[in-house]
Every structure is written in C-alpha cells, then in structure tokens.
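Undergrad: sequence plus predicted model, see below.
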Amino acid sequence: MSNQEALAATLVAERLVPVLSLAALLPPSRSGKPLARQAAWRWVTKGLPGPDGVRVRLESIRVGRRWMTSLAAVARFFARTTGKPVAPRPTPAGAPALMLPSSCATLSALGFDVSSFGGGPST
C-alpha cells in the first residue's frame, strides 16, 4: 500500500470534512474574525513551517471535485506546527542571576544595590 493509499484510508476512516469548510468549524481569532478559507487551502498546498523549519502540510485527499480532510488530521497538523515550549533554565540555588553591565550601570544610577547581581556596574 502506497503512502497516498494509507493516507486516504486513514482520512476516510475518520470523519471527512471539506477543506474549505474548516473556517466554519474552527474557533475564530481573538478579534472574532473566522479563519479565511484561503488560509485552510494554503495549509494544504504550501503548509506552514514546523518548529524545526520543515514545512508541514495539512493531510487531505481529493474526493471528486472537492478536497477533504478530517478533524483528526487538523489536530495532527496543529500538533506538528506547534513548537515545544522552551522551559526556562533553573538558576542553581544560591547562585546570583547575572546582569549585563549596562543594566547594572543603569540600575546603580537609579540608586539600586546590584552588587548581588553580577558584581555591580563596570567602572
């Protein structure tokens, strides 16, 4: 079975939806505007860059004259294009946080004691 046949079998087993109807199925943006139909089509044709820089395309198949996908395929697409959140590096206990010399100088000029944050301003 080829990759296209496997993809078609997967999408058909899931609930098929027309690509151009995704705008009505997905939540609107913060401004209340729905997803543009052209954006969903671009996800199929051009894709979006993933966190590693590789372009990720929305899985879809052609059924007659329409392009179809599934909500599960949309979820996979979003998962592949979403970058892994970068966790902040923990500061070792008791170690002072380091500051740039210019930041130290600015804060010292304002009257703050920055001696515990990297040794104070460079003079």
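TA: Happy to help now that I have it. If you're wondering where the values come from, they're calculated on a predicted model, not measured in any experiment.
Undergrad: use CA for all of it now, contacts and neighbours both
TA: Noted.
Undergrad: mind giving me the domain ranges of this protein?
TA: Segmentation of the chain into domains, based on automatic domain parsing, reads 3-81, 96-123.
Undergrad: ok, residues contacting stretch 49-60?
TA: Residues outside stretch 49-60 that contact it (CA atoms under 8 Å, 6 or more residues apart in numbering): 7-8, 11, 19, 43-48, 67-70, 73-74, 77, 80-84.
Undergrad: buried ones in that stretch?
TA: 50, 56, 57, 58, 59, 60 (16 or more other CA atoms under 10 Å).
Undergrad: in strands, which of the residues you listed appear?
TA: residue 56 (DSSP state E).
Undergrad: closest to residue 110 among the buried residues of stretch 49-60?
TA: residue 50 (43.8 Å; CA to CA).
Undergrad: what are the buried residues along the lowest-mean-pLDDT helix or strand in the chain?
TA: Across the helices and strands of the chain, mean confidence by mean pLDDT, DSSP states H and E is lowest for helix 101-109: a mean of 74. Buried positions in helix 101-109, judged by neighbour count with 16+ other CA under 10 Å: 101, 104, 105.
Undergrad: hang on, the earlier thing: of the contacts of stretch 49-60, just the buried ones, PyMOL syntax please.
TA: Filtering the contacts of stretch 49-60 down to the buried ones (16+ other CA under 10 Å) takes a single PyMOL command:
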select buried, resi 7+8+11+19+43+44+47+48+67+68+69+70+73+74+77+80+81
